[in-house]
Each structure stands twice: as C-alpha cells, then as structure tokens.
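Undergrad: Structure for this input, please:
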Amino acid sequence: MKYFSRPWQALIPAACATLACTAFNAQAATTVTIATLNNPDMIELKKISADGFEKQNPDIKLNWVILEENVLRQRATTDITTNSGQFDVMMIGTYEAPQWGKRGWLAPMTNLSANYDLDDVVKSARDGLSYNGTLFALPFYVESSMTYYRKDLFAAKGLKMPDAPTYDQIKDFADKLTDKANGQYGICLRGKAGWGENMAYVTTLVNAFGGRWFDEKWNAQLTSPEWKKAVNFYVDLLKKDGPPGASSNGFNENLTLMSGGKCAMWIDATVAAGMLYNKKDSKIADTVGFAAAPTQVTAKGSHWLWSWALAIPKTSKSPDAAKKFIEWATSKEYIALVAKDEGWASVPPGTRKSTYTNPEYQAAAPFASFVLKAIETANPNDPSAQKVPYTGVQFVGIPEFQSFGTVVGQSISGAVAGQMAVDQALAAGQATANRAVKQAGYQK
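TA: Numbers count the residues shown, from 1 in each chain. Next comes the predicted model:
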C-alpha cells in the first residue's frame, strides 16, 4: 500500500514512459495564439517553428491564425480596441505600432535576452516601430518598393530598363511588352481595395506625380491635378496592359502572376525579390531583373517604407511565452534556419545588419545592397514634393486613415474595374477624407 501513499506529483516522472505523459505535458503547455499574414514568409515561419521552436520549448504550444491582409488588419484592430484578448502575438506594421503603443495597447519590447543583439537590428526598422523611444514590436521583415522586370522579354524587344525609370518609360515598356493573346501582360500592379493593398502602391504613385493626401491645413487633395493625373495614368495602364481582374489582385495574386511568367513588369514590395529569385517557386528566377520604383515629377515618396512586425497586445494571456516566441522568430538563429531550408536569397530581409554583411547572403541575393539602400532612403518624415502635416510615405500616420484609406481604395478599385469614372472615384474619396479629418478635429 506504500505505493499509493506517494504524492501524485512523484508519479509524473514514472508515467513519462507512457502516453499519459504526453497528455500531461499537453495540458501543462502554455498556448500562444498568433494572428499573422498569409504570405510565403509567414507560411515558412509556421513550418519552421514546429521543429525550431516548439520542440525546443515543449512547454509552449503555438496556435496559428493565418489571414488575408485586409482581414488580418480588421481582426487585429477589433481585438485590440475591444480588449477581447483573442491573440497573444499580432503581426502589425509601422502604421499600427507607434499609435497602439502610444495608447498603451501593446506590451513594450524591453528587457530582451542578452543574445538577441538589438543593436544589430536596422535603426530605421526600430524607429518605425517605436513611440517616444520605446520599441513596441520586433521586425520580422522590412521592405521598401521597387520595379521587377523580365530581362529576357526586354532583350527580345531590344529594350533597356534604366536603373531609375520614370512612369512615362514604364508605360512605354508596358505597351510594347503586352501580348494578351498569349497571356502576357506588360505590367501587374495592385488593384485590390485596402489602405495597405492598392492604396500603398497608389499613394507612392501620387507622391511621384507631385501629389499629397492633405495640404498643411488638413484639406484633402484628392481632386487636385496631381491625383487626377496619377490615378488616370494607373487606371489606363492597368486597363490597357494589365491582367484581367486586376481590381482583385493584391500582393499575393501579383506574386503568383509574376513568378509564373505572366507579367513583364511588376512594381511592388522589395520583400518579393527573395521569392522571385527562389528557383523552387519562381519560373523566372534566372531572368528577373530589378530597378528603382519609378519616379515622375519627383523622387520624393516614390518608394515606401514598411515593416511587418510581431507585437504583444496588453490583453495577452501568455505574454512571457509570446515574447520568447517573438525573440526567436526575429533572431539571427531564425534567419539561419530559413537559409538552410529555402536558401539565403529567401531569408527575411531588411531587419539585421548581420544579414547584409553575410557573404552567403550577398552571393545569393544580388538585390541585397539595392534593397537596403531603398529602405534607408525612404523618408516617412518628408514623403511629398509639397509640405504635408502627416508622416508616412504610403499611408497617413493618423488613426482615421485606416478607415478613410480603405474607402478611397474601394472607389479607386471600382474605377479600375470600370464601375465608375476616375473623377467620380476621387470626388467620393475627397469627401470621405475631408469628413474624417474634420470630425477628428484636424481641420481648424
């Protein structure tokens, strides 16, 4: 009978030879629920974390909620503003981190482990995710925007892509390279509605044409000559030289088209470079070229600055475990694991100086120094040829932008789809933007 007099805790080691141990450990594990994006880099993170993190941390179980970009933003915003506490880790960006940090909605990223080496993280990445000097998210990758093109198609037509093209040159190339009968499109661009989908690209286009969202007194500028020229250019270009259904295409859809050889050119995030150069997933890995994001009347604001980053909402039920996961997912160790699994060209870019000084990365990623320069030269504090009262290259850094930016995006997507005229779309956007900033007290 002595056997039964032992405390129950003492039986656990003996039971570990049985299936009961597995059940006990599963019960004891802390669950970390992660809301993240459905792009290739995040799918890779989920894949690698099974062995790279969960096996090393059997007391932590990861629960993944992988969402399309617009849905992720909506779910994360709803969760954090209602204090519902569904998520322990959220993938957010340089738009949300400073604003949510300011409101006390995020746990500060302080007291990181000694081997994390925060000084190795690119300064512009840290600054973009901070408020008043406090860091509120750790960058998973950092991006600007650039032009991708098919070197083989350009050579066949005797064309040469400049290092820094203008939009007039891009249009000329697209006209010459479109062959719709054979499923070949001169250009692919974002058309899917959303402040971070089509409006991220359209805002840089408007900037390049000399436009801005608001003047210095917060009067909306969407019916200005610059906006009209830029958006008419965009709509006409997609209608003439873009793929069918362009108004439904976001980053992922255009990545599929470009990597499948359907687009002669694509202007989008620098993070796509590693995906297009990955021979396992890209048919054009050997023929893709790159150049700067196009300019027109100015280079100011012609290429964006963004970071997808991992943050912990204050409502997290498992903040310590969440922080441990985020440190691992944004570490040098994680970058090395991706290099081993997918090749150095595919590692998360823009975050760590050590990545860019690594000879293996330099050899595998011919775009490396170009991308780093694009990231470092994008200036959210001076995004337009004309003075503006806001910060942000491809967004307006105020809470209201999330709402009115999406509404404007829907109108412009409608113009691409042929549902309304450009002037009609911009007039509707002008009214929406003015109403939002007036109600919020920005207009005096």
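
Undergrad: Angles on the backbone of the residue lying closest to Pro383 once chain neighbours are set aside, please.
TA: Distances taken as C-beta to C-beta, 6 or more residues apart in numbering place Gly301 nearest to Pro383, at 4.0 Å, with adjacent residues excluded. In short, each C-beta sits where N, CA and C put it, glycine included. Torsion angles at Gly301 (phi, psi; degrees, to the nearest 10) stand at phi 70, psi 10.

Undergrad: Wait, Gly301 touches Asn381, no?
TA: No: the criterion here is C-beta atoms under 8 Å, and Gly301 misses it with Asn381 at 10.9 Å.

Undergrad: Between these two, which has more neighbouring residues?
TA: Legend: neighbour count by other C-beta atoms under 10 Å for Gly301 and Asn381, higher for Gly301 (30 against 10).

Undergrad: Tell me how far that one lies from Leu257.
TA: Per C-beta to C-beta, to the nearest Å, Gly301 is found 26 Å from Leu257.

Undergrad: ok, now which ones touch the residue nearest to Pro383?
TA: Thr203, Thr204, Asn207, Ala208, Asn379, Pro383, Ser384, Ala385, Val393 (C-beta atoms under 8 Å, 6 or more residues apart in numbering).

Undergrad: Please convert the buried members of these into PyMOL selection syntax.
TA: This is the PyMOL syntax for the buried subset of the contacts of Gly301, where burial follows 16 or more other C-beta atoms under 10 Å:
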select buried, resi 203+204+207+208+383+384+385+393
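
Undergrad: Nearest to Gly274 among the contacts of Gly301?
TA: Closest approach to Gly274 among the contacts of Gly301 (C-beta to C-beta): Thr204, at 20.7 Å.

Undergrad: was I right about that closest one contacting Gly392?
TA: No: here Thr204 does not reach Gly392: they are 11.0 Å apart, not a contact under C-beta under 8 Å.

Undergrad: Please compute how far stretch 257-275 lies from its chain's middle.
TA: Using C-alpha atoms, centre = their mean, to the nearest Å, the distance from the centre of stretch 257-275 to the centre of the chain it belongs to is 15 Å.

Undergrad: How about that stretch, which residues are buried there?
TA: In stretch 257-275, counting by 16+ other C-beta under 10 Å, buried: 257-259, 261-275.

Undergrad: Could you do stretch 224-233 as well?
TA: So stretch 224-233, judged by 16+ other C-beta under 10 Å, has buried residues Ser224, Glu226, Trp227, Lys228, Lys229, Ala230, Val231, Phe233.

Undergrad: Looking at those, which are in helices?
TA: Glu226, Trp227, Lys228, Lys229, Ala230, Val231, Phe233 (DSSP state H).

Undergrad: Just send the residues you listed back as CSV, with pLDDT and distance to Cys188 too.
TA: Shown next, in CSV, are these (pLDDT from 0 to 100; distance: C-beta to C-beta, whole Å):
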residue, pLDDT, distance to Cys188
Glu226, 98, 24
Trp227, 98, 22
Lys228, 98, 23
Lys229, 98, 21
Ala230, 98, 18
Val231, 98, 18
Phe233, 98, 16
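
Undergrad: Distance-wise, check the closest residue to Val297 other than its chain neighbours relative to Asp179.
TA: Ranked by C-beta to C-beta, 6+ apart and with sequence neighbours excluded, the top spatial neighbour of Val297 is Gly210, at 4.4 Å. In this view, Gly210 and Asp179 are 33 Å apart by C-beta to C-beta.

Undergrad: So for those two, which sits in the more crowded spot?
TA: For Gly210 versus Asp179, neighbours defined as other C-beta under 10 Å are more numerous around Gly210 (20 against 12).

Undergrad: phi, psi of the more buried one?
TA: phi 90, psi 10.

Undergrad: Repeat that for Ile34.
TA: Dihedral angles for Ile34 - degrees, to the nearest 10 - are phi -120, psi 120.

Undergrad: all strands for the stretch 51-200 of the chain, in order.
TA: Ranges of strands in the stretch 51-200 of the chain, per DSSP state E, counting those that start in this stretch, are 60-67, 89-93, 130-131, 134-135, 138-143, 145-150.
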